[in-house]
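J.: model the following, please.
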Amino acid sequence: RPRPVPISVPAVAREVGSSLPPSPLSFPQAVRFAVANAPDLAALRARAAAQAIDPPLEPLGVEGGVDDGGRPMGSVSIDALSLLGIGPRATERALASARHHEALLVHHARAREVAGLLAEEYAVLAALDGLPTPEARMDASAYVRAGLESGAAESAVASTDAERASERHTREAEAEAARLRVRALLGLRPDAAVRLAAVTPATTWPDAPPATSETILATDAAIQRLVAAYEVADAEVRRAVVAQQPGLELMPGIALDPTAFLGSVRLRLPLGLGSTVRAAEAAREAARLEVGAAILSAWSEAAQARVAAG
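T.: Next up is the predicted model:
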């Protein structure tokens, strides 16, 4: 029976963001905490687990009745090819494995994206903390009274003070927005009590491999995810092909008369499945072309990043 799991918005709201990370929170700790606690990543892991299934066995048929002489009889039907491991169950298992792998790569792609966004926010906070503090206000009134400056000097000082206050307010707002974005990536509430560790030039960031063509193809998350989607499409083709194969059912009989031999063999002949195979092959070709499009996009993004970095 299905296990009831009721849901309500207030109950979920009390549950999410309830655990807190250690403070001060360094960047590596933030990445680990986000992967373990962010609700969107937890949902992707659950969806991956939903794909890790073992296909059911072929159904076992049981029949009962009476023969021409009025004697009770029965029979059991068993798929012979399935017992030999060459039936459709093997392709169903391969398809489930491919879908599970695809779902895991979707999770890994999102986890890498979250790590990159966290690094960006930590870098923004470090840059804001490293900006020089505006100089203190200068009193121009004494110079005006001494006749060394005109009255416009006081207006210029007041304007500079207003610009200084506006810049300070902008910095504080941007820093607070960055901290709020970090809390959202960590799966925390906006008012969660967490203090982020300062990022200094001496902080060791993870080493990034050189952006060569081979490295891009091996590490780009979008390419890896689309390759997994191609593997799923290929498993769909194999399942459609196997579905065309004839099925062989053995139906041994059981009777009260031990001298009588009962039983039969049933041959299943699937018909009209060629269009299904052709459709699966077209879907596989589309998945292959999407991998090529992702490769071109990754190369273009890497070239643009090199140009922007100078």
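J.: which residues in the stretch 1-150 of the chain form helices?
T.: For the stretch 1-150 of the chain, the helices defined by DSSP state H, counting those that start in this stretch cover 9-15, 27-37, 39-51, 80-83, 88-130, 141-145.
J.: closest one to Glu214 among these?
T.: helix 88-130 (18.4 Å; Cβ to Cβ). Quick note: C-beta positions are derived from backbone N, CA and C, even for glycine.
J.: any idea how far that closest one is from the chain center?
T.: 5 Å (Cα atoms, centre = their mean, to the nearest Å).
J.: that older thread, what's the closest of the helices of the stretch 1-150 of the chain to Val241?
T.: helix 88-130 (8.1 Å).
J.: could you say what helices and strands that closest one packs with?
T.: helix 27-37, helix 39-51, helix 152-186, helix 221-242 (3 or more Cβ pairs under 8 Å, 6 or more residues apart in numbering; DSSP states H and E).
J.: lowest average confidence across those, which one?
T.: Mean pLDDT is lowest for helix 152-186 out of those, coming in at a mean of 79.
J.: and the next helix or strand past that one?
T.: Beyond helix 152-186 on the C-terminal side, the first helix or strand identified by DSSP states H and E is helix 213-219.
J.: redo the helices of the stretch 1-150 of the chain as JSON lines? Include distance to Val242.
T.: Shown next, in JSON lines, are those (distance: least, Cβ to Cβ, whole Å):
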{"stretch": "helix 9-15", "distance to Val242": "42"}
{"stretch": "helix 27-37", "distance to Val242": "38"}
{"stretch": "helix 39-51", "distance to Val242": "20"}
{"stretch": "helix 80-83", "distance to Val242": "10"}
{"stretch": "helix 88-130", "distance to Val242": "5"}
{"stretch": "helix 141-145", "distance to Val242": "92"}
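J.: please name the residues that touch the residue nearest to Leu188 when sequence neighbours are not counted.
T.: Nearest in space to Leu188, with sequence neighbours left out and distances taken as Cβ to Cβ, 6 or more residues apart in numbering, is Gly17 at 4.8 Å. Gly17 makes contacts with Gly187, Leu188, Arg189, Ala192, as judged by Cβ atoms under 8 Å, 6 or more residues apart in numbering.
J.: so how do I select the buried members of those residues in ChimeraX?
T.: To isolate the buried members of the contacts of Gly17 in ChimeraX, using 16 or more other Cβ atoms under 10 Å:
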select :187,188,192
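J.: just give me the residue closest to the centre of this structure.
T.: His107 (2.4 Å; Cα atoms, centre = their mean).
J.: neighbours of Val76, how many?
T.: 14 (other Cβ atoms under 10 Å).
J.: show me the contacts for it.
T.: Val76 touches Leu60, Gly61, Val62, Glu63, Met251, Pro252, Ile254, counting by Cβ under 8 Å, 6+ apart.
J.: for Val307, find the nearest of the helices of the stretch 1-150 of the chain.
T.: Here helix 88-130 is closest among those (Cβ to Cβ), at 19.3 Å.
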